[in-house]
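S.K.: Prediction below, plus the sequence it came from.
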Amino acid sequence: MDKFIIRGGNPLVGTVRISGAKNSALPCMAAAILTEEEVTLENIPQVRDIATERRLLASMGAAVELHESVTPEDAPSSATGEGASLKHTTISCRSLSDPVARYEIVKTMRASSLVLGPLMARSGVARVAMPGGCAIGGRPIDLHIKGLEKMGAVILQEHGYLEARVDSGVGRLRGAHIVFDRITVTGTEDLLMAAVLAEGETLLENCAREPEVVDLAQLLIAMGARIEGAGTSSMRVHGVSSLHGARYRINPDRIEAGTFLIAGAITGGDLIVANCNVDHLGAVIAKLRESGVRVDVLGPGAVRVRAAERLRAADISTEEYPGFPTDMQAQYMALATQAEGVSLVRENIFENRFMHVQELVRMGANIKVDGNAATVRGPARLSSAAVMCSDLRASASLVLAALVADGESVIDRVYHMDRGYERFEEKLRSVGAQIQRLGDVFAPRPENPEPADQPA
Ligand code: EPU
């Protein structure tokens with residue numbers, strides 16, 4: 001298993017370019033199931049979860065191809081690291097010979113449950129393995145199931161699989177009025193994909209407003225879907241009988257951008273985070289400013305972050321978008337260890353998302369957890385240690401801590417990192433970090449063994 005060796009102490013200086021959003025790319029790839037025509041997605045990040053999704057679609061009979069970058073926006077600047085490739089993906093689901101999401105793939109990536117809605121919409125039947133446990137919490141998919149049932153699906157659970165079919169002679173889902181009991185990102189996406197081909201109108205309420213939902217809605221609209229209200233908590237969908245192919249460019253990854261903003265701030269550097277979407281970073285930028293970090297918005301796609309004269313403690317409470325993202329909580333906690341005073345970190349989305357705390361404490365952080373709240377007292381002198389990644393964002397937190405720790409840290413199980421950050425260590429190195437990977441260099445080959453129990 002790969003490891004990172006990181007020598008802390010270097011301020012990060014220069015420019016990094018942000019890749020496409022993993023959590024947009026995943027539902028957008030699943031949306032290709034909804035048409036027999038070709039869907040082309042640009043700015044797909046080259047990360048392990050995307051490789052897993054390609055494998056999933058291919059296992060169902062889809063043709064999935066990767067292409068070298070051709071658009072000028074994809075041309076790597078010196079700061080992105082060399083070798084930006086596999087930048088767009090074409091997916092053709094002309095024939096879906098096997099509408100089954102097998103456990104062997106689903107167990108490695110929870111987002112696999114995103115194929116349930118589109119499979120039901122396209123074929124009226126689906127067989128999808130239940131995802132099982134997860135490092136960051138229980139993460140049920142009951143709200144996906146409940147919504148599909150309202151649209152006329154009959155879903156049984158047998159032998160670890162959801163066996164779903166449409167309960168009507170015409171084999172087509174029916175529009176319905178669905179109010180989500182709680183806000184769910186992939187649940188909103190799954191039901192949106194089910195609704196676009198359903199008969200009649202669907203009203204989805206208490207929807208997730210995340211930019212990734214908007215990305216998916218925009219792709220679906222480009223494919224001929226009729227959707228109103230994307231990005232608000234209420235979406236109205238007028239079902240159409242078929243969708244066509246489309247070409248769509250995925251938005252930049254706001255979590256990768258936020259992670260680099262913290263990398264600049266924690267190392268006391270001067271970093272430009274380019275090719276991002278500043279509109280999606282509001283809560284993170286506001287919190288960095290509250291902590292005393294100098295943040296200048298250079299334009300709609302670039303932010304400069306500079307060392308704080310003095311990092312001050314600030315509380316965060318994770319919320320659905322546009323609140324402070326749970327996917328930035330672990331990284332923020334690394335920064336809070338360096339701030340003067342007491343920061344309270346409250347995690348409201350997942351029940352078990354503090355797995356990084358014990359590893360940060362091993363590096364010298366002063367953090368106490370009580371239920372869903374963590375109290376961070378700083379500034380703490382972090383010292384290098386051998387630490388272990390438990391999930392994707394926890395890994396990022398440990399890397400950030402290692403960048404300011406004394407000496408050389410060894411970060412184990414970086415396959416978690418590879419699931420969602422494209423060429424992370426190359427990008428860090430290009431702005432002055434001392435980071436090396438030991439072990440097999442990650443390449444998203446389908447034959448790569450996938451570690452089980454993954455959180456995305
Ligand atoms: N929930 C239910 N029932 C459901 C669905 C969700 O109770 O049917 C609960 C969950 O257990 C959780 C809360 O609702 O407590 C919110 O979960 P949500 O469904 O919004 O999470 P998700 O859609 O499974 C996506 C991202 C996560 C991100 C969360 C929250 C993808 C592929 N994954 O997960 O990303 O943390 O939204 O923003 O979009 C990551 O990238 O590291 C990652 C974990």
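M.R.: That came through, no problem.
S.K.: hang on, residue 308 in a helix?
M.R.: No: under DSSP: H, G, I helix; E, B strand; the rest coil, residue 308 falls outside any helix and is assigned coil.
S.K.: List the contacts of it.
M.R.: When contacts are counted by Cβ atoms under 8 Å, 6 or more residues apart in numbering, residue 308 touches 265, 268, 291, 292, 293, 294. Where you see a C-beta, it was placed from the backbone N, CA and C, and this is true even at glycine.
S.K.: now it: how far from the ligand?
M.R.: 26 Å (Cβ to the nearest ligand atom, to the nearest Å).
S.K.: Residue 432 now?
M.R.: From residue 432 to the ligand the distance is 26 Å (Cβ to the nearest ligand atom).
S.K.: Likewise for residue 369?
M.R.: 18 Å.
S.K.: right, and that residue touches residue 354 too?
M.R.: Yes: between residue 369 and residue 354 there is a contact under Cβ atoms under 8 Å: 5.3 Å.
S.K.: the more surrounded of these two?
M.R.: residue 354 (23 against 14; other Cβ atoms under 10 Å).
S.K.: and that one, what does it touch?
M.R.: Here residue 354 is in contact with 347, 369, 374 (criterion: Cβ under 8 Å, 6+ apart).
S.K.: the strands in the stretch 101-250 of the chain, which residues?
M.R.: Assigned by DSSP state E, counting those that start in this stretch, the stretch 101-250 of the chain shows strands spanning 125-129, 153-158, 161-166, 177-179, 201-205, 226-228, 234-238, 246-249.
S.K.: so does the fourth one get close to the ligand?
M.R.: Put plainly, it is strand 177-179. No: using Cβ under 6 Å from any ligand atom, strand 177-179 never reaches the ligand; the gap is at least 12.0 Å.
S.K.: try the third one
M.R.: No: counting by Cβ under 6 Å from any ligand atom, the ligand has no neighbours in strand 161-166; the shortest distance is 12.1 Å.
S.K.: Just the ones of the contacts of residue 308 in strands?
M.R.: By the criterion of DSSP state E, membership of the contacts of residue 308 in strands covers residue 294.
S.K.: in this structure, which segments are predicted with low confidence?
M.R.: The chain contains residues with pLDDT under 70 at 68-86, 133-134, 440-456.
S.K.: hmm, 80 instead?
M.R.: 68-87, 132-139, 168-170, 440-456 (pLDDT under 80).
S.K.: So it: which segments form each domain?
M.R.: 3-11+308-438, 22-238 (automatic domain parsing).
S.K.: Out of those domains, the one nearest residue 280 is which?
M.R.: Evaluated over the domains of the chain, closeness to residue 280 peaks at domain 22-238, with 4.8 Å, by Cβ to Cβ.
S.K.: ok now that closest one, how far from the chain's centre?
M.R.: The chain centre lies 14 Å from the centre of domain 22-238; the measure is Cα atoms, centre = their mean, to the nearest Å.
S.K.: do the same with stretch 336-350
M.R.: Using Cα atoms, centre = their mean, the offset of stretch 336-350 from its chain centre is 21 Å.
S.K.: CA atoms only for that stretch, dumped as CSV, please.
M.R.: Provided in CSV are the C-alpha atoms of stretch 336-350 (Å, rounded to 0.1, in the frame of the first residue of the first chain):
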residue,chain,number,x,y,z
ALA,A,336,-7.5,25.0,14.0
THR,A,337,-4.7,23.1,15.7
GLN,A,338,-2.4,26.0,14.6
ALA,A,339,-4.8,28.8,15.7
GLU,A,340,-4.6,30.7,18.9
GLY,A,341,-7.5,29.9,21.2
VAL,A,342,-10.3,27.4,21.4
SER,A,343,-12.2,26.3,18.2
LEU,A,344,-15.3,24.3,18.5
VAL,A,345,-15.9,22.0,15.5
ARG,A,346,-19.4,20.6,15.3
GLU,A,347,-20.2,17.8,12.8
ASN,A,348,-23.9,17.7,11.9
ILE,A,349,-24.0,15.6,8.7
PHE,A,350,-22.3,12.3,9.6
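S.K.: Check which residues of that stretch are buried.
M.R.: Neighbour-count burial for stretch 336-350 flags 336, 337, 338, 339, 343, 345, 347, 348, 349, 350 (criterion: 16 or more other Cβ atoms under 10 Å).
S.K.: Let's have those residues in JSON lines, adding distance to residue 27 and secondary structure.
M.R.: Compiled in JSON lines, these are given as follows (distance: Cβ to Cβ, whole Å; DSSP: H, G, I helix; E, B strand; the rest coil):
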{"residue": "336", "distance to residue 27": "31", "secondary structure": "helix"}
{"residue": "337", "distance to residue 27": "34", "secondary structure": "coil"}
{"residue": "338", "distance to residue 27": "35", "secondary structure": "coil"}
{"residue": "339", "distance to residue 27": "35", "secondary structure": "coil"}
{"residue": "343", "distance to residue 27": "33", "secondary structure": "strand"}
{"residue": "345", "distance to residue 27": "28", "secondary structure": "strand"}
{"residue": "347", "distance to residue 27": "24", "secondary structure": "coil"}
{"residue": "348", "distance to residue 27": "23", "secondary structure": "coil"}
{"residue": "349", "distance to residue 27": "18", "secondary structure": "coil"}
{"residue": "350", "distance to residue 27": "19", "secondary structure": "coil"}
